[in-house]
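# Here is the input, now give the coordinates:
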Amino acid sequence: MKISGPLVVATGLGGTRIYDMVRVGDLKLFGEVIEIRGEEYYIQVYEETEGLGPGEPVSSTGEPLSVELGPGLIGSIYDGIQRPLDILHRDLGSYIVRGATRHPLEREKRYRFIPKVGIGQDVSHGDLLGTVSESKLIEHKIMVPAGVTGKVVMIEGSEGSGLTIEEVIARIETEGGTREVTMLQKWPVRRPRGVAKRLPPSAPLVTGQRVIDMFFPIVKGGTACVPGPFGSGKTVVQHQLAKWSDADIIVYVGCGERGNEMTDVLMEFPELKDPRSGEPLMERTILVANTSNMPVAAREASVFTGITIAEYYRDMGYDVALMADSTSRWGEAMREMSGRLEEMPGEEGYPTYLGSRLAAFYERAGNALSFGSDKRRGSLSVIGAVSPPGGDLSEPMTQATLRVVRVFWGLDERLASQRHFPAINWLTSYSLYQEKVDEYADGEVNAKWKENRKEAMALLQKEAELEELVRLVGIDTLSISERLLLETAKMLREDFLHQNAFDPQDAYTSLKKQYLLLDLIITFYHKAKEASSANVEFQKITAIPAIGEIARAKRIREEDVSLFEDIRERITGELDTLIEGERVNSGN
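Here you go, the predicted model:
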């Protein structure tokens, strides 16, 4: 046997297949077979191998790395191989004891199972057998396991104290005999869960973040990446999306990030209220933590563990959003393991299969009809953070990610240093879902959504062009119309794009309020241009009291959006007064 950090080479494992799980050494450390060369089995160990020596036993479990799926997932926090960290902390203290294991789902807890099928009914893969109330927000749907087709000969109903996840809830007569079904199922993490049909995107994933929803939206079932240098706010953006996006379920994967960031989630989410239901956010959240002080080899496992759990809830018909923070740490783990396996390195030392491994992850997102007679429609959206060294977006991990995702939220260190959050650069970011979201918003929010958005983006782009001219020759050389454009662009930046995550009214903005806020700024711009055409002085236009109302409008409560019309009338009235006054003066 050979040991090189998290890589262990063993012999004598005849019959063991690639990606089978093994237990290594006297401590029975978790490992996964990642390469087989003749009689040598190369094992990626998911725990620290310190103290492990040649000659220690290695045993195969005969199964690939799999996750347990069933009631009890919501509100849990797991490590990369689905060990329950809260239970390990309770039993073993603040540090994970190597080789320690506990069941991911509680075996003693009882649930009230409500059957949805009757005896004699024909069922097949994906059909709904019954439901369980998992949390205040989530009804857990127990489905027929993959590969099972037949007739229900027994269906259990919860009475008294309920049923545990290991008790038989149904018996199905199949061609191969009677199959007993429990609420507990297992699924290999590297194998995508199948769907009956893939569907095109149809609705935006509303995040409540104005720069995203208005200018660079993501759809339900879409993919996005958030690249940026250290300190530019990648984790802040991920946290905001996890808190406020209108997904039914959030799976948050902390892949190689600092432990205090996961602590923030654990501390904040039970206190924060879901904007749709008013219940704590942990009632719809699952956390998978493989922080920077945990074994590096388990980072890839944590990402696939998270997305497999997310697919399970998608198959129930829920809209699920997965946050992976950060995939760069996963790429670093792949690079380290590839080097230890003595594989031919690709660009900057990353393995040559980096792009295909990333694609295998992101391609599991999408809208889908699940198997089953009721054809439940669900979605899985994937948002991955990328941490390019030195903010260099040309490095392999960022470029490989951009080839497979459809939304790019480029974070800007300059904006972050100015305390402008979210620090998403509106000149470099893009969304390939823009047309679909514009079509949706024009019909569901206001017919002028697309028109206003395009005009606002044109103003921001023109501002960037004028800034260079101002630096060279000064602002006094600009015409009044150009100065009005700069003033309006400033409003867009400070009053629309900038958002305060700690302000209860500003942290989340509905699509309707986003439209009304942007429409105020566009209304001011059009009316101000009309005033300048009537020879009203620039200083008078920018001194109207209503401008202060625009700046404060983003703090208007969602239930008070009717106030936007009052501000709009004030803007129009004050500028009309200036125009009329100029006409009177001209007449004299």
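# And the helices in the stretch 201-350 of the chain?
210, 234-244, 259-268, 298-315, 327-340 (DSSP state H, counting those that start in this stretch).
# now the stretch 51-200 of the chain
Using DSSP H, counting those that start in this stretch, helices in the stretch 51-200 of the chain cover 85-92.
# What ranges does it have for its strands?
Assigned by DSSP state E, counting those that start in this stretch, the strands in the stretch 51-200 of the chain fall at 58-64, 66-69, 77-78, 114-115, 122-123, 128-133, 139-143, 150-155, 168-174, 177-182, 185-188, 197-199.
# Wait, residue 503 touches residue 557, no?
No - taking CB atoms under 8 Å as the definition, residue 503 is not a contact partner of residue 557, at 11.4 Å. Yep, even glycine has a C-beta here, placed from its N, CA and C like the rest.
# beta partners for residue 351?
residue 345 (DSSP bridges).
# That one and residue 417: what is the separation?
To residue 417, residue 351 is 35 Å away according to CB to CB, to the nearest Å.
# Out of the strands of the stretch 51-200 of the chain, flag the one nearest residue 430.
Residue 430 sits nearest to strand 197-199 of all those, at 23.4 Å, using CB to CB.
# What's the first helix or strand after the closest one?
helix 210 (DSSP states H and E).
# Which elements pack onto that following helix?
For helix 210, not one helix or strand is in contact under the criterion 3 or more CB pairs under 8 Å, 6 or more residues apart in numbering; DSSP states H and E.
# quick one: contacts of that helix?
The contact list for helix 210, computed with CB atoms under 8 Å, 6 or more residues apart in numbering, reads 496, 497, 499, 509, 514, 517.
# Give me the mean pLDDT for that helix.
Here the mean pLDDT over helix 210 is 96, rounded to a whole number.
# quick one: that helix to chain centroid distance?
In this view, helix 210 has its centroid 17 Å away from the chain centroid, taken as CA atoms, centre = their mean, to the nearest Å.
# you'd agree residue 510 is up against residue 206?
Yes - between residue 510 and residue 206 there is a contact under CB under 8 Å: 7.5 Å.
# The two: who's more crowded?
Neighbour count, other CB atoms under 10 Å: between residue 510 and residue 206, residue 206 has more, with 22 against 16.
# show me the contacts for that one.
Residue 206 neighbours (CB under 8 Å, 6+ apart): 213, 245, 246, 510, 511.
# Check the gap between it and residue 513 for me.
Distance from residue 206 to residue 513, by CB to CB: 11 Å.
# again, but for residue 553
9 Å.
# list residues touching both of those two?
With CB under 8 Å, 6+ apart, residue 553 and residue 513 have common neighbours residue 564.
# Count the neighbours of the spatially closest residue to residue 91 that is not a sequence neighbour for me.
Nearest non-adjacent residue to residue 91, counting by CB to CB, 6 or more residues apart in numbering: residue 102, 7.0 Å away. For residue 102, the count of nearby residues is 16 (other CB under 10 Å).
# how deep is residue 340 tucked in, by neighbour count?
16.
# who's in contact with it?
Contacts of residue 340 (CB under 8 Å, 6+ apart): 4, 5, 6, 7.
# Inside strands: which ones of those?
4, 7 (DSSP state E).
# Now a ChimeraX select for only the buried ones of the contacts of residue 340.
Buried residues within the contacts of residue 340, by 16 or more other CB atoms under 10 Å, are selected in ChimeraX with:
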select :5,6,7
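# Residue 75: which of the contacts of residue 340 is nearest?
Distances from residue 75 to the contacts of residue 340, taken by CB to CB, are shortest for residue 6, at 30.4 Å.
# Distance of residue 378 relative to residue 511?
Taken as CB to CB, the span from residue 378 to residue 511 is 22 Å.
# Between the two, which is the more surrounded one?
residue 378 (25 against 22).
# and that one, that's in a strand?
Yes - Residue 378 sits within a strand when classified using DSSP: H, G, I helix; E, B strand; the rest coil.
# check contacts around it.
With CB under 8 Å, 6+ apart, residue 378 has these contacts: 313, 314, 315, 316, 317, 318, 319, 320, 367, 368, 370.
# how many other residues sit next to residue 53?
10.
# ah, wrong one, I meant residue 12
The burial count for residue 12: 10, using other CB under 10 Å.
# That one in helix, strand or coil?
coil.
# tell me the pLDDT at it?
91.
# what do you get for the one 10 residues further on?
Model confidence at residue 22, given as pLDDT, is 95.
# do the same with residue 587
66.
# repeat for residue 242
So residue 242 comes in at 88 (pLDDT).
# State the distance from it to residue 59.
39 Å.
# The two: which is more packed in?
residue 242 (25 against 13).
# Can you verify my assumption that the more buried one contacts residue 253?
No - contact criterion CB under 8 Å: residue 242 and residue 253 do not qualify, at 10.5 Å.
# joint contacts of these two?
With CB under 8 Å, 6+ apart, residue 242 and residue 253 have common neighbours residue 323.
# and the angle from the helix or strand of the chain with the lowest mean pLDDT to helix 234-244?
Among the helices and strands of the chain, helix 259-268 carries the lowest confidence by mean pLDDT, DSSP states H and E, at a mean of 77. Orientation check (axes from the mean of the first three to the mean of the last three CA atoms, to 10 degrees): helix 259-268 against helix 234-244 gives 20 degrees.
# Go through helix 259-268 and flag the buried ones.
For helix 259-268, by 16+ other CB under 10 Å, it's 261, 262, 265.
# of all the contacts of residue 340, which two lie farthest apart?
4 and 6 (8.1 Å).
# rewinding a little: got CSV for the contacts of residue 340, with pLDDT too?
Output for the contacts of residue 340, formatted as CSV (pLDDT from 0 to 100):
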residue, pLDDT
4, 89
5, 88
6, 91
7, 92
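# Redo the contacts of residue 340 as TSV? Include distance to residue 485.
Listed next are those as TSV, based on distance: CB to CB, whole Å:
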residue	distance to residue 485
4	61
5	58
6	57
7	59
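# quick check, nearest of the contacts of residue 340 to residue 83?
residue 6 (16.7 Å).
# one step back: among the contacts of helix 210, which ones are in helices?
514, 517 (DSSP state H).
# which one among the contacts of helix 210 gets closest to residue 303?
Of the contacts of helix 210, the one sitting nearest to residue 303 (CB to CB) turns out to be residue 499, at 28.4 Å.
# Pretty sure the closest one sits against residue 420.
No - here residue 499 lies out of contact with residue 420, judged by CB under 8 Å, at a distance of 9.3 Å.
# Highest neighbour count among the contacts of residue 378?
residue 314 (30 neighbours).
# Distance of the closest residue to that one other than its chain neighbours relative to residue 249?
Leaving aside its chain neighbours, residue 314 sits nearest to residue 378 (3.9 Å; criterion: CB to CB, 6+ apart). Taking CB to CB as the measure, residue 378 falls 10 Å from residue 249.
# what sits in contact with each of these two?
With CB under 8 Å, 6+ apart, residue 378 and residue 249 have common neighbours 313, 318, 319, 320.
# Who is the third one paired with across the strands?
As for beta bridges, residue 319 partners with residue 379 under DSSP bridges.
# list the contacts for it?
So residue 319 contacts 205, 220, 246, 247, 248, 249, 378, 379, 381 (CB under 8 Å, 6+ apart).
# Which single one of those residues is nearest to residue 118?
residue 378 (25.3 Å).
# Quick check: residue 37 vs residue 441, distance?
Residue 37 is 55 Å from residue 441, by CB to CB.
# Same question for residue 520.
17 Å.
# And the helix or strand hosting residue 457, what does it pack against?
In this assignment (DSSP H and E), residue 457 forms part of helix 449-473. Where contact means 3+ CB pairs under 8 Å, 6+ apart, helix 449-473 is packed against helix 434-444, helix 480-491, helix 511-533.
# for the second one, which positions count as buried?
The neighbour-count check on helix 480-491 (16+ other CB under 10 Å) flags 480, 482, 483, 484, 485, 486, 487, 488, 489, 491 as buried.
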